[in-house]
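**Student:** Starting from these lines, generate the structure:
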Amino acid sequence: MTMRKLVMTGFAALALLATPALAQTTQTQPAPMKGPSATQQAPAATQQAPAPMKQAPTAAKPAKADKAQLLDINTATKEQLEALKGVGPARADAIIKGRPYKGKDELVQKKIVPQNVYDDIKAKIIAHQH
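**Tutor:** Here you go, the predicted model:
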């Protein structure tokens with residue numbers, strides 16, 4: 001019986017010595033991201049063997065046309081302006097009459113379009129200086 005206790009004690013000692021090797025290793029955390037995605041990061045994994053990070057972090061961005069597709073309110077035709085949500089013939093004429101604009105926000109400052117219409121079109125327009 002003493003031999004059995006000795007063997008069991010040996011196995012217990014080996015198990016205790018091997019435990020730190022099986023513990024989760026610490027990983028270096030990526031640099032904190034700036035912007036809205038910094039608060040949207042997932043909490044640290046609780047797995048014993050962490051999976052490598054293969055997914056690139058993506059920031060949540062509002063749908064925004066790229067600069068090549070933005071409509072310049074200083075040079076746009078009446079028809080192009082009328083294609084914008086909330087801009088009809090009268091507002092298109094008012095936008096053309098109020099040119100040149102230093103910034104697209106002048107459409108609201110000069111009371112050419114109301115704030116709610118501006119909020120709908122601001123991601124689609126730009127005011128280039130010519």
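**Student:** Quick check: residue 77 vs residue 93, distance?
**Tutor:** Counting by CB to CB, to the nearest Å, the separation of residue 77 from residue 93 is 12 Å. Placement of C-beta: from N, CA and C, glycine included.
**Student:** neighbour-wise, which of those two wins?
**Tutor:** A side-by-side neighbour count of residue 77 and residue 93, using other CB atoms under 10 Å, places residue 93 first with 14 against 11.
**Student:** who touches that one in this structure?
**Tutor:** Neighbouring residues of residue 93 by CB atoms under 8 Å, 6 or more residues apart in numbering: residue 78.
**Student:** give me the element it is part of.
**Tutor:** Per DSSP states H and E: residue 93 is located in helix 89-97.
**Student:** quick one: buried residues of that helix?
**Tutor:** 91-92, 94-95 (16 or more other CB atoms under 10 Å).
**Student:** Next SSE downstream of that helix?
**Tutor:** Reading on from helix 89-97 to the C-terminus, the next helix or strand found by DSSP H and E is helix 106-109.
**Student:** which other helices and strands contact that following helix?
**Tutor:** Counting contacts by 3 or more CB pairs under 8 Å, 6 or more residues apart in numbering; DSSP states H and E, the secondary-structure elements packed against helix 106-109 are helix 115-121.
**Student:** Can you tell me what sits against the helix or strand following the helix it packs on?
**Tutor:** Taking DSSP H and E as the definition, the helix or strand that follows helix 115-121 towards the C-terminus is strand 125-126. Under the criterion CB under 8 Å, 6+ apart, residues 67, 70-73, 84, 104 lie in contact with strand 125-126.
**Student:** What is the nearest of these to residue 9?
**Tutor:** For the contacts of strand 125-126, the closest approach to residue 9 (CB to CB) belongs to residue 67, at 72.9 Å.
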